[in-house]
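Visitor: structure of the sequence below:
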Amino acid sequence: MSFSDLFDNEFKNRNKGHFSAIVRVALSDGQITIEEKKFLDKLAVRLEISQAEYEEILEKPTKYPINPPVLHTQRLDRLYDLSRMVLADHVLGTKEKALLTRFALALGFTPSNVSYIVDKALSLLDLNVDLDTFLYEMTHMNK
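Guide: Modelled structure (predicted):
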């Protein structure tokens, strides 16, 4: 196996882990709404998830672990996607917020400020900010 194949496999597995985390959020209330399905469809294309992988992950979303990115900006990018899924059906349940908090911890955010980060992320998405605005606001929230 070449070095580039190893990199490609790691990248692909990281995307599968991210996609499966988002599927778990979508399924946290027991069903996937039309809005959540549309979001999953778009995200699958963006993350290069094949139709077979998509169906496999829908069937068993815990198969792939969350592989947190090293860079803080990449973690925020993943938090953005996860938060968008939580709010996709326009209903924030306590179960969904708790799951988002667990995933934020798994992404590498610290327990001491994870609640603040999750609340800030959800409040920004409630304002329908785009990814660039989200990243800016999240990286400048203490300045």
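
Visitor: what pLDDT does residue 118 get?
Guide: Looking at residue 118, its pLDDT stands at 93.

Visitor: please enumerate the helices of this structure.
Guide: For the chain, helices defined by DSSP state H occupy the ranges 3-26, 34-46, 51-59, 72-86, 94-106, 114-126, 131-139.

Visitor: single out the most deeply packed of the ones you listed.
Guide: Of the helices of the chain, the one with the most neighbours on average (mean count of other Cβ atoms under 10 Å) is helix 72-86, at a mean of 20. Placement of C-beta: from N, CA and C, glycine included.

Visitor: still on that earlier bit, mind putting the helices of the chain in a markdown table, distance to residue 65 included?
Guide: Shown next, in a markdown table, are the helices of the chain (distance: least, Cβ to Cβ, whole Å):
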| stretch | distance to residue 65 |
| --- | --- |
| helix 3-26 | 5 |
| helix 34-46 | 18 |
| helix 51-59 | 12 |
| helix 72-86 | 13 |
| helix 94-106 | 9 |
| helix 114-126 | 19 |
| helix 131-139 | 24 |
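
Visitor: worst average pLDDT in these?
Guide: helix 3-26 (a mean of 72).
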